[in-house]
Structure formats: structure tokens, C-alpha cells
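K.L.:
structural data only, the sequence is not supplied:
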């Protein structure tokens, strides 16, 4: 399988090394095309920082990141940033900034909005949409860009149950549209992890303490025996 990311002994410090915050410590992770990886752990465990490192938004202060330059990638945040302009223009702008001519960008944006069920809101001010609709606009941007790697930071955490189901269904469709589509997402929703992931990485205090296929991660006896910290996390989140 094609390697998408190779992270070796990567650390991220904010502030002075001696007195600042260590958000990641000696993390080594390989991501291959077609994997669907869930990052789980308590708040402050390093999930968001790891996603930002993979996307190039945060540079490691130690270690090495190798990124496949041939892979187009997009990242969705818990609260997507949308410009104060029509929904359609928000999607077009992302393409135009990548060098796509405006007419072609407009066509691709229309198709993407159809795909996420927002074609009828194309001229609505994007800032006036609900949280779930805004996440669908962000997914439309990724679809329009034909991103092969999708990074998501708690994409449904602030949504109501109906919107969560809608957005999760779209993420599922995106992740399964081709065998090489790669998904890396952070989530506290263990049901969502079971539904979307093929592999689970558990982080605690900036370290990777478990990296397992999803079926093994949720096999209680194995997790309790070999990864007690991860077992306690799953037990607590499932309570």
C-alpha cells in the first residue's frame, strides 16, 4: 500500500522545552492509502496536534514527518471557517486559490453541493447556516478539491443527533468512494469510531499508547491485558 504519512519520533513543544507544554512526544505513526484511522484519547491527549502536524499546520519541534506530495489532502475542523459570502462562493474560492479557473471551479462547486444536499442553499450566506450545514459545506469543499486524504478534528462533536448522523453518513460515503481514499479523524464518540474506522490509535499525554485494528481495540480482554490505559479510557467513555 502507498504510504501517505510517515511520522518518526515526532515531538511538538509549545513554549520553552523545559517549562512549556509538550503536546506530542516521540510519536511514530505510518499512514497508508486506504486506511481509516481514528485518533482517540482524553482532551489534551494530542489528537488535534497530531492532525495539525499531518496536515502541515504545525511543524514538529523534533523528529521527522514525511508526506506524500502526490496526495491531495483536506482538513475539517470542529467549527469550520466560512467566509461571509454565499455557500457556493465559499466552495469556489477554495478551488480558485488552488489555481482552478473560476468557471471550472463553479461547475465543480455546484456538483459538490449537490452531493452533500445543499444545492438549494447555494446562494445563502454561509455564516447563517446551522452547524451541521456548515460541516456539509466543508465536506463539499473537500469533494470539490477531490481530496484523497481527509483529516477531521471532532467533525460532529458540536452537532445535534440528526446533524451528526447526516455528517457521519457523508464522511462514510467519502471514505468509501475509492479503495485508496484515506481518512484520519479524532473522535470521542466510540460508536462513530466503530462505524468509520479500520484502525484505532489511542493517545495519552502526547504519546501513542495503543495502535490496533478496530476489532482488536474493542476486544475487551485483549485491551485490558495488553493496553490497560486504553482499556480504562474505553470503559469510561462507554459508561
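P.N.:
Nice, I can see it. Every value quoted in this text rests on a predicted model; they were computed, and no experiment measured them.
K.L.:
which residue is nearest the middle of this protein?
P.N.:
Geometric centre of the chain, nearest residue: residue 152, 1.7 Å, by CA atoms, centre = their mean.
K.L.:
can you list contacts of the one helix or strand that residue maps to?
P.N.:
Using DSSP states H and E, residue 152 falls within strand 149-153. Contacts to strand 149-153, defined as CB atoms under 8 Å, 6 or more residues apart in numbering, come from residues 4, 47-48, 51, 54-55, 71-78, 142, 171, 174-175, 181-186. C-beta here means a position set from N, CA and C on the backbone, and glycine is covered the same way.
K.L.:
weed out the non-buried ones from those residues.
P.N.:
By neighbour count, with 16 or more other CB atoms under 10 Å, the contacts of strand 149-153 hold 4, 47-48, 51, 54-55, 71, 73-78, 142, 171, 174-175, 181-186 as buried.
K.L.:
and the spatially closest residue to residue 220 that is not a sequence neighbour, which of the three is it?
P.N.:
Nearest residue to residue 220, sequence neighbours excluded (CB to CB, 6 or more residues apart in numbering): residue 231, at 7.2 Å. The three-state label given to residue 231 by DSSP: H, G, I helix; E, B strand; the rest coil is helix.
K.L.:
count residues in the vicinity of residue 231, would you?
P.N.:
Neighbour count for residue 231, taken as other CB atoms under 10 Å: 19.
K.L.:
surely it is in contact with residue 221?
P.N.:
No. Look at residue 231 against residue 221 with CB atoms under 8 Å: they stay out of range, at 9.3 Å.
K.L.:
okay, now the unreliable bits of this structure?
P.N.:
The chain contains residues with pLDDT under 70 at 17-19, 238-239.
K.L.:
can you pull the contacts of residue 22?
P.N.:
Neighbour list for residue 22: 11, 12, 13, 206 [criterion: CB under 8 Å, 6+ apart].
K.L.:
isn't there a strand covering the first one?
P.N.:
Yes. With three-state DSSP as the criterion, residue 11 is part of a strand.
K.L.:
pretty sure it sits against residue 24.
P.N.:
Yes. With contact defined as CB under 8 Å, residue 11 counts as touching residue 24 (5.5 Å).
K.L.:
neighbour count: the two, which is higher?
P.N.:
More crowded of residue 11 and residue 24, by other CB under 10 Å: residue 24, with 27 against 18.
K.L.:
report the contact partners of the more buried one.
P.N.:
Shown in contact with residue 24 (CB under 8 Å, 6+ apart): 10, 11, 12, 46, 49, 50, 53, 60, 206, 207.
K.L.:
residue 52 now?
P.N.:
By CB under 8 Å, 6+ apart, residue 52 lies in contact with residue 58.
K.L.:
and it, how far from residue 29?
P.N.:
Going from residue 52 to residue 29 by CB to CB, to the nearest Å gives 14 Å.
K.L.:
residue 216 now?
P.N.:
Taken as CB to CB, the span from residue 216 to residue 29 is 17 Å.
K.L.:
looking at these two, which is more packed in?
P.N.:
Between residue 216 and residue 29, counting by other CB under 10 Å, residue 29 is the more crowded of the two (19 against 15).
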